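*Asks:* next comes the sequence, and after it the predicted model I'd like to discuss.
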Amino acid sequence: MGTLFRVDTFGESHGPAVGVVVDGCPPRLALSTEDIQRELDRRRPGQSRITTQRRESDKVEILSGVHQGLTLGTPIAMVVRNEDARAGDYDEMQTKFRPSHADFTYQAKYGIRAWEGGGRASARETIGRVAAGAVARKLLTAECGVEIVAYVKQVYTAEAVVDPSKVTIDEVEANIARCPDPRAAEEMIALIDQARMNGDSLGGVVEAVARGVPVGLGDPVFEKIDAELAKAMLSLPAAKGFEIGSGFAGARMTGSQHNDLFYRQGDRIRTRTNHSGGVQGGITNGEDIVLRVAFKPTATILREQETVDEHGNETVLKPRGRHDPCVLPRAVPIVEAMIALVLADRYLCHRGQCGAGK
């Protein structure tokens, strides 16, 4: 993904390693393994009882593109070795398709698939995204002072009450649900615990805010910033919906209710409300970018389900393995990473087109 800040991930869930190559990062940006590891630790499995119990340290190695703590301007390659793969847990899935998983479509498209753990369809692919996102975040912080915070807004029927303009990373990280509303967090944890004990799974919504985004990022037609963000979010495993600003709620408003009225604040032009979610006409307006991503329940559940095998024979699948009963808590740093990747790329494009001082 990306035009100037380009990212390619590689690796399968149960292969030797997963990783990413970042091309187009400007030179002389301060970058260390600690910058990357901090974000990977938030994404890694085995964090708590409500996440998958696969045990991975997810230690990152920077193979190229960094010298003496500074980026070189050349491709940055990063790798994370897989340590706790259990291929035997997936023996039955070698010939049987998991309902709502990518097994069938990968087989139909390629005629072959890495069935252990889902291969590229596994959430372990997102390690590369988070590592690349950490680089993008460093760039955005250094150049623009952008701050990105995501959090769990909803799990199943439990929904948090959060003010995106005020939420902090410390509030998000205060509990294992990564929900800054303590009351809702308790309810979410209880729901996920119950689903896990029942061998089932739950979906929900991650909400995110990007503050301090410069005015002018994005292009007016095919590369609108909201379209780029939508594409990035819907490329995530289990993502099924995207909203920005008022989203679908805007369909239930009148123009007079929805319009964000302008006013002058010092040397800035601001809006009194933010139904636009920080984007107007596909271009950032300097207000907070507020978006939401809906994630479906994890496809692999520990219940018998009817399915077919690769020959079309009806059968029953009895899954094993270690899977997230709810992907939402671990999706938070992934959503943040994808926002950072889009904004970093669009920032570099804007800087190249309009100049750094515009």
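*Replies:* Cool, got the structure. Treat the numbers as computed from the prediction; the structure is a model and nothing was measured. Residues are numbered from 1 along each chain as shown.

*Asks:* give me the neighbour count for residue 251.
*Replies:* The number of residues packed near residue 251 is 8, by other Cβ atoms under 10 Å. C-beta coordinates here come from the backbone N, C-alpha and C atoms, glycine included.

*Asks:* measure it to residue 257 for me?
*Replies:* According to Cβ to Cβ, to the nearest Å, residue 251 stands 12 Å off from residue 257.

*Asks:* please apply the same query to residue 96.
*Replies:* From residue 96 to residue 257 the distance is 51 Å (Cβ to Cβ).

*Asks:* which parts of the stretch 101-250 of the chain are helices?
*Replies:* 103-110, 126-144, 169-172, 182-197, 225-234 (DSSP state H, counting those that start in this stretch).

*Asks:* which residues sit against the first one?
*Replies:* Yep, that's helix 103-110 we're talking about. 93, 96, 97, 113, 115, 118, 119, 120, 121, 310 (Cβ atoms under 8 Å, 6 or more residues apart in numbering).

*Asks:* how about a cut-off of 6 Å?
*Replies:* 97, 113 (Cβ atoms under 6 Å, 6 or more residues apart in numbering).

*Asks:* ok, the shortest one next?
*Replies:* Residues outside helix 169-172 that contact it (Cβ under 6 Å, 6+ apart): 149, 151, 178, 180.

*Asks:* in space, what's closest to residue 213 - neighbours in sequence excluded?
*Replies:* residue 284 (5.1 Å; Cβ to Cβ, 6 or more residues apart in numbering).

*Asks:* quick one: contacts for the one you found?
*Replies:* Here residue 284 is in contact with 213, 215, 217, 218, 225, 278 (Cβ under 6 Å, 6+ apart).

*Asks:* tell me where the model's unsure across the protein.
*Replies:* 46, 52-55, 85-88, 321-322, 356-358 (pLDDT under 70).

*Asks:* need the longest helix for it.
*Replies:* Using DSSP state H, we find that the single longest helix of the chain is helix 328-354.

*Asks:* report the buried residues of that one.
*Replies:* 328-351 (16 or more other Cβ atoms under 10 Å).

*Asks:* pull the most distant pair out of the contacts of helix 169-172.
*Replies:* 149 and 178 (10.5 Å; Cβ to Cβ).

*Asks:* the more surrounded of those two?
*Replies:* Neighbour count, other Cβ under 10 Å: between residue 149 and residue 178, residue 178 has more, with 25 against 21.

*Asks:* can you give me the strands in the stretch 151-300 of the chain?
*Replies:* 158-159, 204-211, 239-244, 262-265, 268-271, 279-280, 283-284, 289-295 (DSSP state E, counting those that start in this stretch).

*Asks:* adding distance to residue 167, write those out as TSV.
*Replies:* Below are the strands of the stretch 151-300 of the chain laid out as TSV (distance: least, Cβ to Cβ, whole Å):
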stretch	distance to residue 167
strand 158-159	15
strand 204-211	7
strand 239-244	17
strand 262-265	22
strand 268-271	20
strand 279-280	19
strand 283-284	20
strand 289-295	10
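
*Asks:* among those, which is nearest residue 136?
*Replies:* So among the strands of the stretch 151-300 of the chain, strand 204-211 is nearest, using Cβ to Cβ, at 11.5 Å.

*Asks:* got the angle for the closest one vs strand 289-295?
*Replies:* Calculated by axes from the mean of the first three to the mean of the last three Cα atoms, to 10 degrees, strand 204-211 forms an angle of 160 degrees with strand 289-295.

*Asks:* which elements pack onto the longest helix of the chain?
*Replies:* helix 33-43, helix 126-144, strand 147-155, strand 204-211, helix 225-234 (3 or more Cβ pairs under 6 Å, 6 or more residues apart in numbering; DSSP states H and E).

*Asks:* what about residue 164, neighbour count?
*Replies:* If we define neighbours as other Cβ under 10 Å, then residue 164 has 22 of them.

*Asks:* quick one: residue 190 from residue 205, how far?
*Replies:* Taken as Cβ to Cβ, the span from residue 190 to residue 205 is 18 Å.

*Asks:* hang on, the earlier thing: more crowded one of residue 96 and residue 257?
*Replies:* Between residue 96 and residue 257, counting by other Cβ under 10 Å, residue 96 is the more crowded of the two (22 against 11).
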